[in-house]
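Peer 1: Got a sequence here, can you model it:
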Amino acid sequence: MKFSIITLFPEMFDKVLGTSMLWKAQEKNLVEFELINLRDFGIGPRRQVDDTPYGGGDGMLMKPEPIFAAVEHAKKTNPGALTLLMTPKGDVWNQQSAYTLSDDPKQNYIIICPHYEGYDERILALVDRQISIGKYILTGGELPAMIVIDSIVRLIPGVLGGENSAAIESFSDGDNLEYPQYTRPEVFRDMKVPDILLSGNHGAIAQWREQNAPKPKKNKMPVQ
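Peer 2: Model (predicted):
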């Protein structure tokens with residue numbers, strides 16, 4: 001699987017893509033990342049990528065020409081890739097979304113990371129899917145892109161290692177959360193591991209885990 005990431009800040013991805021499971025996936029040749037600097041496709045001697053909006057309004061919008069040029073370049077190096085746009089207007093990302101996009105390890109993706117106040121709406125002609133990671137505003141699409149990439153890549157067979165590792169995680173079965181887990185030492189600061197987990201009775205342990213898996217909580221944060 002290959003990801004071509006179009007961004008004004010490619011340096012933001014260096015540590016994330018080179019760490020933990022994302023690094024491991026590259027080492028195993030299960031995934032490839034290509035960072036494309038949108039500024040390279042900017043217009044004029046100043047490599048302009050933004051401009052004021054028609055009709056007035058605050059902020060700057062990303063121009064269509066550099067984005068079209070960057071996506072067209074990406075399609076040459078990443079043929080057959082689907083184009084994803086990180087935007088608060090998109091479908092809200094969840095675990096099922098990650099499963100869907102990780103289902104075919106041979107499917108490649110181009111990810112557009114917008115910035116500034118927004119983008120010229122005409123770039124939607126390039127986009128196969130619009131994705132939001134939640135109902136809040138971030139400075140740019142880089143952090144959402146990292147979240148989407150991480151949640152997809154870890155589901156590719158061979159990345160996590162354990163055959164069932166991804167299948168038993170939180171949200172892998174609808175909204176269910178993972179049961180409480182413990183490791184050594186058996187007693188730490190007067191806090192003891194539940195006796196049932198030390199019993200060796202796998203049937204009883206499975207029942208305990210099912211009973212003690214937390215239920216998803218509704219957001220109780222006040223809306224101002």
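Peer 1: Could you use CA atoms for every contact and neighbour count after this?
Peer 2: Will do.
Peer 1: List of residues touching stretch 80-94?
Peer 2: Outside of stretch 80-94, the residues within contact range by CA atoms under 8 Å, 6 or more residues apart in numbering are 75, 107-114, 126-137, 141, 144-145, 148.
Peer 1: What's the mean pLDDT across it?
Peer 2: Taken as a whole, stretch 80-94 has an average pLDDT of 96.
Peer 1: Quick check: buried residues in it?
Peer 2: Within stretch 80-94, the residues scored as buried using 16 or more other CA atoms under 10 Å are 81-88, 93-94.
Peer 1: now, which of these sits nearest Phe68?
Peer 2: Proximity of these to Phe68 (CA to CA) peaks at Thr83, which lies at 11.4 Å.
Peer 1: Compute the distance between the closest one and Ile131, please.
Peer 2: Distance, Thr83 to Ile131, by CA to CA, to the nearest Å: 11 Å.
Peer 1: Am I right that Lys86 sits in a strand?
Peer 2: That one is not Lys; residue 86 is Met. Yes - Met86: assigned to a strand according to DSSP: H, G, I helix; E, B strand; the rest coil.
Peer 1: Residues in a beta bridge with it, which ones?
Peer 2: Using DSSP bridges, the bridge partners assigned to Met86 are Ile131.
Peer 1: where's it relative to Gly44, distance?
Peer 2: For Met86, the distance to Gly44 - CA to CA - is 26 Å.
Peer 1: just Gly158 next, same as before
Peer 2: 45 Å.
Peer 1: So for these two, which residue has more residues nearby?
Peer 2: Taking neighbours as other CA atoms under 10 Å, Gly158 and Gly44 compare with Gly158 leading, 14 against 8.
Peer 1: Shouldn't the more buried one be within a strand?
Peer 2: No - secondary structure of Gly158 (three-state DSSP): coil, not part of a strand.
Peer 1: so what's it up against?
Peer 2: 25, 30.
Peer 1: remind me, longest helix of this structure?
Peer 2: Identified as the longest helix of the chain according to DSSP state H is helix 64-77.
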